[in-house]
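S.K.: Sharing a model that was predicted from the sequence below.
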Amino acid sequence: MIIQLDKNISTTALAELKHNLEAIQYKYNPVTTQFQDYLVAIGKTDFDIRKIGQLEGVKDIHRVSDGYKLVSKKWKVQDTVIDLGDAVKIGTGHFSIMAGPCSIENEAQIEDTVAHLVKNNIKIMRGGVYKPRSSPYSFRGLGIDGLKLFYKHCRANGIKIITEVMQVSQIEPMLDYVDILQVGARNSLNFNLLDALGQVDKPVLLKRGISGTIEELLSAAEYIFSNGNERIMLCERGIRSFEKSYRNTLDLNAIPILKAKSHLPVIVDPSHGIGIRKHVEAMSLAGIMAGADGLIVEVHSQPEKAFSDGQQTLNFMEAERLYQRSLQTFDLREQL
């Protein structure tokens, strides 16, 4: 059960509400976000929900049986739209493309990519400065110095930044230089990191785990929301399966299911989803038709020379065609 509280609920009214919940043997957890105060109440006793709903200080009340209550669509029918400022919005009705290299490599690469994005009216640049790599000997990013270079050129050109955070200690140094913090597949069940991201007022893009279920993804998002941050995006990036013909199995089924189960925006990562450059466009368009609110794609001026993930990264010409076809596909979907 989710109880939305009035902004100025009195101490007396809150005490009375808690007393009534205890009387029906419901445990409650207070949640305060950047937008709203809630009590998330859990119990098994059957009761008339109106008895709680009519109490002073209760704005609204909803029965939610899902374990992931706050991210569930059962209480919030209107989908969440995340406003990044400067007319950049992510969510239902606002199709977004995030594009850029797997890894930030040097200043010249940043300048080339920013110029490409500006030319194509792409407002969000992706790029990793901390990279979780399968081998400890692979390039693992430029760290905070790379992020500062990233920030300098993006800010000068009106481009928003999304980049991955890997551990709690990285969050605070990164906050002034990012617009969206990304949680990668390997950290999707890092509960300490999820808790900490719930305590900052920055949007979070949460990727599905390598072998994660939809319920695990939604439960991970619940960790962030329950700690105070409502600005969450879910990302389908493919899951590990027995198939070896491509990098991951991009689960297109997950997109409409996530849109049905949650009010949060859903983003598709076709680059990691299939891992083969020539098929990224097809999977992007399929993801859009399945209901995605946006794409996050890997783009590089010379993918063959990229420090990481070159085999799945589009060059600028391929990316331009993808942007155009993606917007056309989104417009077609909205007309259907």
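M.R.: The structure has been received and is ready for your questions.
S.K.: Show me how the record splits the protein into domains.
M.R.: Domains of the chain are assigned by automatic domain parsing as 2-62, 82-335.
S.K.: Would you map the helices across the stretch 201-336 of the chain?
M.R.: In chain order, the stretch 201-336 of the chain shows helices spanning 214-226, 254-261, 270-274, 277-289, 316-335, with DSSP state H, counting those that start in this stretch as the criterion.
S.K.: out of these, deepest packed?
M.R.: With neighbours defined by mean count of other C-beta atoms under 10 Å, none of the helices of the stretch 201-336 of the chain is more surrounded on average than helix 270-274, at a mean of 27. Where C-beta positions appear, they are placed from N, C-alpha and C, glycine not excepted.
S.K.: Report the rounded mean pLDDT for that helix.
M.R.: Looking at helix 270-274 alone, the average pLDDT works out to 98.
S.K.: Next: stretch 326-333.
M.R.: The predicted confidence, averaged over stretch 326-333, sits at 98.
S.K.: so what's Gly43 closest to, chain neighbours aside?
M.R.: The shortest distance from Gly43 to any non-neighbouring residue, by C-beta to C-beta, 6 or more residues apart in numbering, is to Tyr26 (3.4 Å).
S.K.: still on that earlier bit, of the helices of the stretch 201-336 of the chain, which is nearest Pro132?
M.R.: Each of the helices of the stretch 201-336 of the chain was checked against Pro132 via C-beta to C-beta, and the shortest separation belongs to helix 270-274, namely 12.2 Å.
S.K.: related to what we said a few turns ago, can I get the domains of the chain in CSV with distance to Leu70?
M.R.: Supplementary listing: those in CSV, determined by distance: least, C-beta to C-beta, whole Å:
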stretch, distance to Leu70
domain 2-62, 7
domain 82-335, 4
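S.K.: Which of the ones you listed has the highest mean neighbour count?
M.R.: For the domains of the chain, the largest average neighbour count (mean count of other C-beta under 10 Å) is found in domain 82-335, namely a mean of 19.
S.K.: picking that back up, I'd like the helices of the stretch 201-336 of the chain written out as TSV, with distance to Ser188 added.
M.R.: Below are the helices of the stretch 201-336 of the chain laid out as TSV (distance: least, C-beta to C-beta, whole Å):
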stretch	distance to Ser188
helix 214-226	5
helix 254-261	13
helix 270-274	13
helix 277-289	19
helix 316-335	25
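S.K.: can you tell me which of those comes nearest to Gln34?
M.R.: Evaluated over the helices of the stretch 201-336 of the chain, closeness to Gln34 peaks at helix 214-226, with 10.9 Å, by C-beta to C-beta.
S.K.: Which stretches in the stretch 51-200 of the chain count as strands?
M.R.: For the stretch 51-200 of the chain, the strands defined by DSSP state E, counting those that start in this stretch occupy 58-62, 82-83, 89-90, 96-100, 124-126, 160-164, 180-183.
S.K.: Just checking the distance from the helix or strand of the chain with the lowest mean pLDDT to the centre of its chain.
M.R.: In the chain, the helix or strand scored least confidently by mean pLDDT, DSSP states H and E is helix 50-53, which has a mean of 94. Its chain's C-alpha centre and that of helix 50-53 lie 34 Å apart, by C-alpha atoms, centre = their mean, to the nearest Å.
S.K.: Stretch 2-11 now?
M.R.: Here stretch 2-11 is found 28 Å from its chain centre; the criterion is C-alpha atoms, centre = their mean.
S.K.: how far does it stretch from start to finish?
M.R.: For stretch 2-11, the separation between the terminal residues is 19 Å (C-alpha to C-alpha, to the nearest Å).
S.K.: still on that earlier bit, any chance of the strands of the stretch 51-200 of the chain in a markdown table with mean pLDDT and distance to Ala282 as columns?
M.R.: What follows is the strands of the stretch 51-200 of the chain, written out as a markdown table (pLDDT from 0 to 100; distance: least, C-beta to C-beta, whole Å):
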| stretch | mean pLDDT | distance to Ala282 |
| --- | --- | --- |
| strand 58-62 | 96 | 40 |
| strand 82-83 | 98 | 27 |
| strand 89-90 | 98 | 23 |
| strand 96-100 | 98 | 16 |
| strand 124-126 | 98 | 20 |
| strand 160-164 | 98 | 24 |
| strand 180-183 | 98 | 24 |
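S.K.: Save the ones you listed as CSV, and put in distance to Asp145 too.
M.R.: Rendered in CSV, the data for the strands of the stretch 51-200 of the chain read as follows (distance: least, C-beta to C-beta, whole Å):
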stretch, distance to Asp145
strand 58-62, 46
strand 82-83, 28
strand 89-90, 28
strand 96-100, 18
strand 124-126, 17
strand 160-164, 13
strand 180-183, 18
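S.K.: nearest to Lys76, of the domains of the chain?
M.R.: Ranking these by proximity to Lys76 (C-beta to C-beta) places domain 82-335 first, at 4.4 Å.
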